[in-house]
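Chemist: With the input below, show me the fold.
(one chain, ligands or ions: 1)
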Amino acid sequence: MPATDHQLTGPVMGPAEALSELFTPAGKHHPYPLYDALWELGPVIPLGPAGTLVLGYDEICTALRDSRFLVTDAAVHEATGMNDHSSWQCLTKIMMFSNSPDHERMRRFAGWAYAPRQVAERRRSAVEAAERWTSHLATLDGGGPVDLVEAFATRVPITVTGELLGIPEADRMPLRTAITATTTAFEPVFDRDELLPADAGMDVLVDCLADLVRERRRRPGDDLISAMVRDRDAGGALSEEELVASLVMFLIAGVQSPSDLIGNTVRLALNRPAEGRRMTTDHDHAAAFITETLRIDPPNHVLTRAAATDIDFHGHRVAAGTRALLVLAAANRDPRQFTDPATFDLARRDNRPLSFGLGPHYCLGAAFARMQVEAAVPVLLRRFPRMTLAAPPTYRDQLVTRGFARMEVDLGS
Ligand code: HEM
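Modeler: Here you go, the predicted structure:
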């Protein structure tokens, strides 16, 4: 019998209150009751010039497939001053924040790096990283609770992605703070100073990757940076800045959301030990567990689009220039799409959350991310079968890229 996850629900409030609460620190920590309250206003909520909030599953699918809804590229940011910030100067040079035709050009250039063969070749590396960091955890046992985010969830992806890119081992861990800092640039910005931590993080990552590009051009190795430098220098349609930006993005995307997904999966596994334990022996069960985690508690809650023109959208007019905030995490609980949506239910058929997006910008790293989590979490749970949460996890102050700041566990070994 599937159980409702009470930690993912909460008190009931009115829609107006819910809206003003959503981007406050408390709202970002506990958004699910707010999504429930907002749902009373319907799947599409016009907010005037402030934008349009989209909560419905079908409605988000329509928006993600409609090329009139643009990603926030440099042209969209033109009037906002965001292009002055080093975080957005880099982000607007990657495919995620580029529209046609640049988007297709960049996606074509880098597509092979995300192909199934590349993912399969990294599986061994992911298992080894998980084994290495569970052994590290064991050395920390005995002195009280351990922070699983710091000691495991971020270390596995940065090890796997660092090896793939060819980032020297000694440089990897110091990059973690910078990686997380850059993801704050994705949050709605109310005061431009809020971008300063993301700018500082981005400067660190751009310097590091630009140095590595220069070095690999001189002395190529058997890594992704060398391969991408070779492709570009052989006439690949990417500028030098776009090359560095793409590698920076690979590092950010390769580490932050997989790390958050490991945290969310482990938390849900510890809350339901029998189903969690079965992940260690049954690969299909582990895959279903991760899909259901992606649905009920995804790492990325909101995507932003800008209307290129006036758009008639599910009975509402979205005016040209208006931002549409597509709340993937709410769509994943749309009762028209998912029966009993607040319930963690591994028996769901045709379980298709929107957590990796949809349409032309669908996550290129989805298989790579899933592979890492499918490798890491069973290794962890096998090694520490009596692990329990020592305290409720705390969240970073973010909603777009949402995840735990700390997750204290008793390893119980
Ligand atoms: C659990 C982990 C992950 C989640 C939840 C996630 C989520 C997403 C989402 C929602 C999008 C769509 C963005 C949009 O439409 O605006 C996206 C795009 C993208 N993701 Fe991921 N991602 C994850 C892991 C990764 C990894 C590991 C990589 C690569 C190493 C990656 C690389 C990308 C790229 C390159 C795009 C842009 C695709 C395009 O614009 O055509 N992601 N991701």
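Chemist: So which bits of the stretch 251-400 of the chain are right by the ligand?
Modeler: 253-254, 257-258, 261, 298-300, 303, 355-357, 361, 363-365, 368-369 (CB under 6 Å from any ligand atom). For every residue, glycine as well, the C-beta is placed using N, CA and C.
Chemist: Go through those and flag which are in strands.
Modeler: Taking DSSP state E, the ones among those that sit in strands are Leu303.
Chemist: ok, which stretches of the stretch 1-150 of the chain are strands?
Modeler: 44-46, 52-54, 69-70, 146-147 (DSSP state E, counting those that start in this stretch).
Chemist: which residues sit against the last one?
Modeler: The contact list for strand 146-147 (CB atoms under 8 Å, 6 or more residues apart in numbering) reads Leu137, Leu140, Arg406, Met407, Glu408, Val409, Asp410, Leu411.
Chemist: at 7 Å instead, please
Modeler: Leu137, Leu140, Arg406, Met407, Glu408, Val409, Leu411 (CB atoms under 7 Å, 6 or more residues apart in numbering).
Chemist: right, and the helix or strand after that strand?
Modeler: Counting by DSSP states H and E, the next helix or strand C-terminal to strand 146-147 is helix 148.
Chemist: following that following helix, which helix or strand comes up?
Modeler: Next along from helix 148, by DSSP H and E: helix 155-165.
Chemist: Go ahead and name everything in contact with that following helix.
Modeler: Helix 155-165 is contacted by residues 122, 125-126, 129-130, 133, 172-173, 176, 223-225, 247, 250-251, 254-255, 258-259, 262, 372, 376 when judged by CB under 7 Å, 6+ apart.
Chemist: ok, 6 Å please
Modeler: The contact list for helix 155-165 (CB atoms under 6 Å, 6 or more residues apart in numbering) reads 125-126, 129-130, 133, 172, 176, 224-225, 254-255, 258-259, 372, 376.
Chemist: middle-most residue in the protein, spatially?
Modeler: Nearest to the geometric centre of the chain sits Ser257, at 3.3 Å (CA atoms, centre = their mean).
Chemist: and it, how far is that from Pro220?
Modeler: Applying CB to CB, to the nearest Å, the value for Ser257 to Pro220 is 29 Å.
Chemist: and Phe313, how many residues sit next to it?
Modeler: A count of nearby residues for Phe313, using other CB atoms under 10 Å, gives 21.
Chemist: OK, contacts around the nearest residue to the residue nearest to the centre of the chain once chain neighbours are set aside?
Modeler: Nearest in space to Ser257, with sequence neighbours left out and distances taken as CB to CB, 6 or more residues apart in numbering, is Pro299 at 4.3 Å. Each residue near Pro299 by CB under 6 Å, 6+ apart is listed here: Ser257, Asp260, Leu261, Gly403.
Chemist: Can you name the residues bridging to Val318?
Modeler: Counting by DSSP bridges, Val318 forms beta bridges with Ile311.
Chemist: Quick check: it touching Ala306?
Modeler: No - with contact defined as CB atoms under 6 Å, Val318 does not reach Ala306; the gap is 9.7 Å.
Chemist: more crowded one of the two?
Modeler: Using other CB under 10 Å as the criterion, Val318 and Ala306 rank with Val318 on top: 25 against 21.
Chemist: list the buried ones in the helix or strand of the chain with the lowest mean pLDDT?
Modeler: Within the chain, no helix or strand scores below helix 15-22, which has a mean of 79 by mean pLDDT, DSSP states H and E. For helix 15-22, the buried set under the neighbour-count rule, 16 or more other CB atoms under 10 Å, comprises Pro15, Ala18, Leu19, Glu21, Leu22.
Chemist: by contact count, what packs against that helix?
Modeler: The contact analysis (3 or more CB pairs under 6 Å, 6 or more residues apart in numbering; DSSP states H and E) places helix 15-22 against helix 32-39.
Chemist: The helix it packs on vs helix 15-22, what angle?
Modeler: Taking axes from the mean of the first three to the mean of the last three CA atoms, to 10 degrees, one finds helix 32-39 and helix 15-22 inclined to each other by 140 degrees.
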